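Enquirer: Requesting a structural model of the entry that follows:
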Amino acid sequence: GCRFPQSARRTLPREPASGRLPCHCPSPRAGCQGSARPVEGDAADPGLGYDGRPGEDGNTERRPPLEREEIRVATFDCYGTLIDWEGGAGSFLYALALRLGDPNPEPGPALRERWEALQFDLLAGEYRPYKEILAESLRRWMAERGYPWGPAYGEELVRAMRSWQPFPDTRPALLQARAAGLRLVILSNTDRDIMAHTLRHLDVPFDQVIVAEDVGAYKPSERGFRYALERIGEPPERILHVAFGFKYDIGPAQRLGFRTAWINRHVEAAPGAERPDFVWRDLWGLAEFVGGPGPVPGGSPTRR
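Expert: Okay, here's the model as predicted:
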């Protein structure tokens, strides 16, 4: 069968006879059955074989297709990639708006998107502890909406973030990747306290966990990625950085030579010019890339 992971194949119109997608793997083999889990629309092109650097004609340069044996380590953005950051933040902000007497707040995703934009601006400034970033971004968000502010609201957001849960695919997919021999490392824009609670929810044995508190900088700064390279001890081309946060992660990782996979859970068009090696709907793409069975009953190892 086809050696290239199903979730990383290009999407084209279905073949009428089979109802499945024709294979567009970089090196298809006879017997490939195509993909049953496509990414549609403008997000369908996973950027296979590109390194994200402009070529002479202004297009991105091709790289050879990425082989499983080339990758020894997977690094992960945590919140939004492994943990349901959007759902957790949207629920918190919507509930807060109702509690403060707003009779008709916008939906949770819209509230979260504006708050995250305020947080992104703060992350780009001088380093400060992440709990301060959370509190200040929430204060600014509340001020824009005319809500009364008190420090207790910032403390509530910290407590809420400690409780946010993994996506259903996170643990089983990571266990398959680990069972296939891949080392797993978290690289997150948070602090040790919040991460300690998150690791309980993930219940996966990571080889290393690196947070912004360790390096005194937040992504998209390259400092965290450089620190990770020192700690991991592998060349960047042997590391696959897997991330939901396109503007936080994909660009700096590619500039340092990491291979990259964008987790595009909402099937959106890429928000930047970078071309990841893979675009996956979820973490099952990683499990399949390393040869795991993927989302099948009993397909995930239970031992730690």
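
Enquirer: Quick one: the strands in the stretch 51-200 of the chain, in order.
Expert: In the stretch 51-200 of the chain, the strands defined using DSSP state E, counting those that start in this stretch lie at 60-62, 73-76, 183-188.

Enquirer: Of all these, which one is nearest residue 101?
Expert: Between residue 101 and the strands of the stretch 51-200 of the chain, the tightest spacing by CB to CB is seen for strand 183-188, at 34.4 Å. Every residue, glycine included, has its C-beta placed from N, CA and C.

Enquirer: so what strands line up beside that closest one?
Expert: Sheet partners assigned to strand 183-188 using DSSP bridges are listed as strand 73-76 (parallel), strand 208-211 (parallel).

Enquirer: mind listing the helices for this structure?
Expert: Using DSSP state H, the helices of the chain run over 85-99, 108-123, 130-144, 151-163, 170-179, 192-202, 212-215, 223-232, 251-255, 284-289.

Enquirer: Tell me which of these is the most buried.
Expert: Mean neighbours per residue, mean count of other CB atoms under 10 Å, is largest over the helices of the chain for helix 284-289, with a mean of 26.

Enquirer: so which of the strands paired with strand 183-188 comes closest to residue 255?
Expert: Closest of these to residue 255 is strand 73-76, at 14.6 Å (criterion: CB to CB).

Enquirer: My guess is residue 195 contacts residue 189. True?
Expert: No - using CB atoms under 8 Å, residue 195 is not in contact with residue 189, being 10.4 Å away.

Enquirer: Now for those two: what residues contact both?
Expert: Jointly contacting residue 195 and residue 189 under the rule CB atoms under 8 Å, 6 or more residues apart in numbering are residue 211.

Enquirer: Neighbours of residue 124, how many?
Expert: 10 (other CB atoms under 10 Å).

Enquirer: Low-confidence regions, the chain specifically.
Expert: 1-64, 299-304 (pLDDT under 70).

Enquirer: With mean neighbour count and distance to residue 122 as extra columns, can I get the strands paired with strand 183-188 in a markdown table?
Expert: Below are those laid out as a markdown table (neighbours: other CB atoms under 10 Å; distance: least, CB to CB, whole Å):
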| stretch | mean neighbour count | distance to residue 122 |
| --- | --- | --- |
| strand 73-76 | 24 | 23 |
| strand 208-211 | 19 | 16 |
